[in-house]
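In: A structural model of the following input is requested.
(one chain, ligands or ions: 2)
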Amino acid sequence: MLDADVRSARAEKMARIHFANVSKHFGSTAVISRLELEVRDREFMVLVGPSGCGKTTALRMIAGLEEISDGELRIGERVVNDVAPKDRDVAMVFQSYALYPHMSVYENIAFGLRIRGLAPGEVDARVREAANVLGLANLLERKPKALSGGQRQRVALGRAIVRQPAVFLFDEPLSNLDAELRVQMRAELARLQQKLATTTVYVTHDQVEAMTLGHRIAVLAPTGGDDRPNLQQIGAPLEVYHRPRNAFVARFIGNPPMNLLEVRVAADGRHLEGPGFRGAAPARFAAGLAARAGRGVLLGIRPEDVAEAAADPPPGSVRARGTVDIAETVGAEVIVHARLGERRLIARFKAQRLPRLGEPVELDLDFDAIHLFDAESELRLEEH
Ligand SMILES: Nc1ncnc2c1ncn2[C@@H]1O[C@H](COP(=O)(O)OP(=O)(O)OP(=O)(O)O)[C@@H](O)[C@H]1O
Ligand SMILES: [Mg+2]
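Out: Ligands and ions are numbered 1, 2, ... in the order given. Below you'll find the predicted structure:
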């Protein structure tokens, strides 16, 4: 098919996905609680969260493989709670995709179309188009056992693409690949997404995957014992990174994770006193801190905002003193775990040398870049 034909065929497939207050119980356990989430038409939405927080369950609900206990799920304008999987026009790629070992690549990709009764000419056109897009055109006669892991993964993607569904669902599709292949397939997926422009929900554990592929990312947490809503934050990757709504998101997004320290708000409602440092908080937090004078708050600072002390400290930075606990080199950078009193602080140094264990260390904390959270609710303090 010509690109123009592909585009017009897809123009009819507008598909937004809307979880309207959706819950899912297994027995008396709520796995998904009051999920309110809209995936826009043609959006690439990434779901991230710790193991067991319900990511796969959410995908399976969209696919129709899991019943919805409460609320409404819509695809387009249609409520699909009771629509059979085959009538939903979604294609799912699982983490453990099984190819048919006795069939060629061509047959593996064509199989689903044949059982749907598509005309042989149309099957052939779609398989060849997908094979071109995925760089499989020269491998169509091979059997799966004669393919690399990445090539097999592409065949699994091919099976989903030829369906030309309204929605793609991916459940950690790259997690079985080695590091190098993951990077390569990640780039291919990003290209594919641009080309196909199909509404996609993508589940991953991998932060880099989430940040590079997602138009927006949704951070989920387990419901816990008391059925708390899973959804913690939804937003563009950098928005979630730079303005996490609460301490859970702050801890979860970023690697190494954001440092979170309990600090005391001085009586003046302006200075923060932590283990081994004291500094004035940025003015944007003034209102929130004035209300908390003399009490504790959680201070968040990313490792890249903690530098080895400079002779000439940058404006807005606050000096902290501690000792080196662990130092790991990652090429251009050294990740230093410093001990400040009872607390640990992770810093990313430009690699000049590898600090020694137990060595005293001075750090410049970039106070302009700090995050503050309420000590009890762990919600981000209001900013102006
Ligand atoms: N059929 C089932 N019966 C009972 N509990 C289930 C069932 N399926 C899933 N669960 C539970 O629901 C929770 C969420 O599972 P789910 O597979 O959605 O998590 P996940 O976020 O995809 O995790 P992972 O990152 O490990 O894949 C888990 O605690 C799991 O044990
Ligand atoms: Mg899962």
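
In: for ligand 1, what are the nearby residues on the stretch 51-200 of the chain?
Out: By C-beta under 6 Å from any ligand atom, the part of the stretch 51-200 of the chain that sits against ligand 1 consists of 51, 52, 53, 54, 55, 56, 57. C-beta: built from backbone N, CA, C; applies to glycine.

In: from these, keep the buried residues only.
Out: Neighbour counting over these (16 or more other C-beta atoms under 10 Å) leaves 53, 54, 55, 56, 57 as the buried ones.

In: how about the closest residue to residue 184 other than its chain neighbours, secondary structure?
Out: Nearest non-adjacent residue to residue 184, counting by C-beta to C-beta, 6 or more residues apart in numbering: residue 150, 6.7 Å away. Following DSSP: H, G, I helix; E, B strand; the rest coil, we place residue 150 in the helix state.

In: make 765 the first number, not 1, from now on.
Out: Fine by me, first position is 765 from now on; the one you just mentioned is residue 914.

In: you'd agree residue 914 is up against residue 951?
Out: No - between residue 914 and residue 951 there is no contact, the gap being 11.6 Å when judged by C-beta atoms under 8 Å.

In: adjacent strands (with direction) for the lengthiest strand in the chain?
Out: Scanning the chain for the longest strand, with DSSP state E as the assignment, gives strand 1081-1094. Strand 1081-1094 sits in its sheet next to strand 1097-1104 (antiparallel), strand 1124-1130 (antiparallel), going by DSSP bridges.

In: which of those strands sits closest to residue 1078?
Out: Residue 1078 sits nearest to strand 1124-1130 of all these, at 6.6 Å, using C-beta to C-beta.

In: show me what counts as buried in that closest one.
Out: The neighbour-count check on strand 1124-1130 (16+ other C-beta under 10 Å) flags 1125, 1127, 1128, 1129, 1130 as buried.

In: ok, now which ones touch the residue in the stretch 965-1114 of the chain that ligand 1 sits nearest to?
Out: When scored by C-beta to the nearest ligand atom, the stretch 965-1114 of the chain has residue 969 as its residue closest to ligand 1, at 6.0 Å. Contacts for residue 969 (C-beta atoms under 8 Å, 6 or more residues apart in numbering) come out as 812, 815, 936, 939.

In: same deal with residue 1008?
Out: Residue 1008 sits next to 997, 1014, 1017, 1022, 1064, 1135, 1144 when contact means C-beta under 8 Å, 6+ apart.

In: also residue 1139?
Out: Per C-beta under 8 Å, 6+ apart, neighbours of residue 1139: 1026, 1059, 1060, 1061, 1062.

In: ok, what's across the strand from residue 1064?
Out: Beta-bridge partners, per DSSP bridges, of residue 1064: residue 1024, residue 1135.

In: no, scratch that, I was asking about residue 1108
Out: Here residue 1108, judged by DSSP bridges, has bridge partners residue 1103.

In: the more surrounded of residue 914 and residue 951?
Out: residue 914 (18 against 12; other C-beta atoms under 10 Å).

In: and the more buried one, what does it touch?
Out: In this structure, residue 914 makes contact with 941, 945, 948, 949, judged by C-beta under 8 Å, 6+ apart.

In: mind giving me TSV with those and columns for secondary structure, distance to residue 834 and pLDDT?
Out: Shown next, in TSV, are the contacts of residue 914 (DSSP: H, G, I helix; E, B strand; the rest coil; distance: C-beta to C-beta, whole Å; pLDDT from 0 to 100):
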residue	secondary structure	distance to residue 834	pLDDT
941	coil	37	77
945	helix	40	79
948	helix	41	83
949	helix	37	83
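
In: list only buried entries from the residues you listed.
Out: Of the contacts of residue 914, these count as buried by 16+ other C-beta under 10 Å: 941, 945, 949.

In: so, low pLDDT: which residues of the stretch 1015-1148 of the chain?
Out: Low-confidence segments of the stretch 1015-1148 of the chain (pLDDT under 70): none present.

In: what would the contacts of residue 914 look like in JSON lines with distance to residue 784?
Out: Converted to JSON lines, the contacts of residue 914 look like this (distance: C-beta to C-beta, whole Å):
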{"residue": "941", "distance to residue 784": "35"}
{"residue": "945", "distance to residue 784": "38"}
{"residue": "948", "distance to residue 784": "38"}
{"residue": "949", "distance to residue 784": "33"}
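
In: specify the beta-bridge partners of residue 801.
Out: Counting by DSSP bridges, residue 801 forms beta bridges with residue 783.

In: can you count the residues close to it?
Out: Neighbours around residue 801, by other C-beta under 10 Å: 20.

In: you'd agree it is up against residue 981?
Out: No - contact criterion C-beta under 8 Å: residue 801 and residue 981 do not qualify, at 11.4 Å.

In: if we can go back for a sec, ok, the buried ones among the contacts of residue 914 vs ligand 1, which is closest?
Out: Of all those, residue 941 has the smallest distance to ligand 1: 16.4 Å, by C-beta to the nearest ligand atom.

In: could you pull up the residues touching that closest one?
Out: 913, 914, 917, 949.

In: where in the stretch 815-964 of the chain is pLDDT low?
Out: In the stretch 815-964 of the chain (pLDDT under 70), no residue qualifies.

In: what about 90?
Out: Applying pLDDT under 90 to the stretch 815-964 of the chain picks out residues 841, 850, 857-862, 896-899, 912-915, 917-918, 921, 937-960.

In: strands of that one, start to end?
Out: 834-839, 842-843, 854-857, 931-935, 963-967 (DSSP state E, counting those that start in this stretch).
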